[in-house]
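Need coordinates for the following:
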Amino acid sequence: MLVRLGYKEIEVSFPSASQTDFDFTQRLIQTPGIVPDDVWVQVLSPCRKELIRRTVDSLKGAKKAILHLYLATSPCFQQIVFNMNDDETIALAVECTKYARSITKDDPAQEGTEWAYEFSPETFSDSSPEFVIKVCEAVKAAWEPSVEKPIIFNLPATVEMATPNVYADQIEYFCKNITEREKICVSLHPHNDRGCAVAAAELAQMAGADRVEGTLFGNGERTGNVDLVTLGLNLYTQGVHPGIDFSDLKSIIDMVETCNKIPIHPRAPYGGQLVVCAFSGSHQDAIKKGFQKRKKEGATSESPWQIPYLPLDPQDIGRTYEAIIRVNSQSGKGGVAWIIQRQLELDLPRGLQVAFSKIVQKETDMLGRELLPTEITNLFEEAYHLKRNPRFSLVDYEITADRSATPAPAQDGKTVSSKNLRRIFKGVIEIDGQEHRIQGSGNGALSSLADALKGMGIELDVVDYNEHTIGTSKDAKAATYIGCTAAQSSAKVWGVGIHHDVVQASLIALLSAASSFLSSRPSTPIPFRPKRSNTIDIPSPASSPTQQESKPTIVDTLEAAVNGSK
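Below you'll find the model as predicted:
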């Protein structure tokens, strides 16, 4: 996996520590196709000759190998662990480096391997900077690096003891005071005891370092090493590609969790399950608006990324947009609307967003958990009768011009215009499984159906009307949203209609609103009683309530404009 991601230097084992590590190293090297020719295998050893010999033996047959030795240089370790002074520390470092050289790059039997040498003054960040320079100068002289084959000086914060800027200052001092800088690769090895390993690595790179050692998601001793995923993706979000492929972060997480038996924290940077998720209503609304603006501007994958609360495009790390917004009792209308837009391609008007978010919030409170996108979608389809209509559904209808008030005869040879005529709705609707014929008139199809419903005792005024197209092909559908208030009430109910024909979509939406009206009053019976048949007597158009003087509704205004009447 590490090779596939793009890593070219991989520390694989501590061969002198166990037979398992030794055998594992040899298996990697001896198995064809596991280690590509351009990848360096790195192994670790303390400064003890017999352990260095064992470590080098584990690399037999390797094409490219990095031998990594370490020796503590801090007073704490010198005095407590090794009982050595500065001169003895320098002497041991030089002795082990010369021995390592003699059995690697100077040994004719090893000429099939390209060798690199790495030396770590362990506990660097707790050591005297001047003493570290002395040790590394002596080691460099013993190894004799070149510009083409530099020596790696790895400078660890073995235990993180200070703020990141202090570590960066120590790195800067080393880079400025070591001689033959062009023959040296300065490497970082920050630990995370204070939780600042990533920041320390970033500042130290800016201070002059060339290389960083770390682990995926920061696994390591105590609080771990620097997290290479966070470090790399921090660069990525600033427009610098780290050279590592994190486009399928999920597969990386699965592998790391399987191997380490340690789960990635849900809120770990970039890799956590919740890092590109928003529960807060205001966050969700901002994200939704960001995506809408991006779509409106025709943004592509090459366009600059600028979405509130999202530092990078989730798709760049293999996450889907559907996972961004999560809905619980704290979520607002924006998050709910986002999910409906993604799942059903419905761009809900603000009023409907508010109404439906209350339904969702009630459901989350009742269940005591967040709702999945599929659950929210099902809830919407049930609330607004997109799958089935429990009270009203349209079976058949026709819309004709009302010629009861015939206009002046047309000139010879011309058809009489119906532009200024009212419309008559005649149709069949199904109510609780029974078909009924209804009729009404109005300025257009919608108001004439509303008039027909008034004849049945359901008096709804349309106060909000929105529509848009779903899709762009020839099979595109119309989506209509209608907000209604009942007579002598300010409470609003909503209906949604979807159909290939925009007129029928609006009729379905009005019947959906009528169903919502009755559903909101579960104790209210259907306000009519058919006596002997499934046909309801409807007042004639001449005596229709809509012909009486009344305040025009939003639909009256829209339909009057379409018909050309004033």
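
Strands of the stretch 151-300 of the chain, start to end?
151-157, 184-190, 211-212 (DSSP state E, counting those that start in this stretch).

Hmm, I typed the wrong one, I wanted the stretch 451-566 of the chain.
Under DSSP E, counting those that start in this stretch, the stretch 451-566 of the chain gives strands at 460-470, 477-486, 492-499.

possible to save those strands as CSV with distance to residue 214 and mean neighbour count?
Every C-beta, even on glycine, is put in place using the N, C-alpha and C of the backbone. Compiled in CSV, these are given as follows (distance: least, C-beta to C-beta, whole Å; neighbours: other C-beta atoms under 10 Å):
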stretch, distance to residue 214, mean neighbour count
strand 460-470, 48, 17
strand 477-486, 50, 23
strand 492-499, 52, 23
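
buried stuff in the one helix or strand residue 140 maps to?
Using DSSP states H and E, residue 140 sits within helix 129-143. Going by neighbour count (16 or more other C-beta atoms under 10 Å), the buried part of helix 129-143 is 131, 132, 133, 134, 135, 136, 138, 139, 140, 142, 143.

on that earlier part again, what's the closest of the strands of the stretch 451-566 of the chain to residue 506?
Smallest distance to residue 506 across those (C-beta to C-beta): 4.6 Å, for strand 477-486.

List the pairing partners of the closest one within its sheet, with orientation.
Using DSSP bridges, the strands paired with strand 477-486 are strand 460-470 (antiparallel), strand 492-499 (antiparallel).

for the record, mean pLDDT for it?
Mean pLDDT, strand 477-486: 93.

For it, C-alpha coordinates in CSV please.
Taking C-alpha atoms only, strand 477-486 is exported to CSV below (Å, rounded to 0.1, in the frame of the first residue of the first chain):
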residue,chain,number,x,y,z
LYS,A,477,-40.1,16.6,-15.4
ALA,A,478,-41.7,19.6,-13.8
ALA,A,479,-41.7,19.9,-10.0
THR,A,480,-44.3,22.2,-8.4
TYR,A,481,-44.5,23.3,-4.8
ILE,A,482,-47.7,24.9,-3.5
GLY,A,483,-48.3,26.4,-0.1
CYS,A,484,-51.9,26.9,1.0
THR,A,485,-53.8,28.3,3.9
ALA,A,486,-57.3,27.1,4.9
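
starting at the chain centroid, how far to it?
Remark: strand 477-486 is offset 32 Å from the chain centroid, using C-alpha atoms, centre = their mean, to the nearest Å.

Kindly report the same for stretch 465-478.
The answer for stretch 465-478 is 28 Å, by C-alpha atoms, centre = their mean.

And stretch 346-356, by the same measure?
Mean C-alpha position of stretch 346-356 versus that of the full chain (C-alpha atoms, centre = their mean) differs by 23 Å.

Stretch 148-156 too?
38 Å.

Any idea how many residues pack against residue 1?
12 (other C-beta atoms under 10 Å).

I meant to write residue 40 there.
18.

That one touches residue 64, doesn't it?
Yes. The pair residue 40 / residue 64 is scored as a contact, 4.4 Å apart, by C-beta atoms under 8 Å.

so what's in contact with those two at the same time?
Here residue 40 and residue 64 have residue 116 as joint contacts, going by C-beta atoms under 8 Å, 6 or more residues apart in numbering.

Only alpha carbons, please: show stretch 40-54 as CSV.
Extracted in CSV, the C-alpha atoms of stretch 40-54 (Å, rounded to 0.1, in the frame of the first residue of the first chain):
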residue,chain,number,x,y,z
TRP,A,40,14.6,2.4,-0.7
VAL,A,41,14.2,-0.1,2.1
GLN,A,42,15.2,1.4,5.5
VAL,A,43,16.1,-0.4,8.6
LEU,A,44,16.9,0.7,12.1
SER,A,45,19.7,-0.2,14.5
PRO,A,46,21.3,1.1,17.7
CYS,A,47,25.0,1.9,17.9
ARG,A,48,26.2,-1.6,18.8
LYS,A,49,28.5,-3.4,16.3
GLU,A,50,26.9,-6.9,16.7
LEU,A,51,23.5,-5.4,16.1
ILE,A,52,24.7,-3.4,13.1
ARG,A,53,26.1,-6.6,11.6
ARG,A,54,22.8,-8.3,12.1
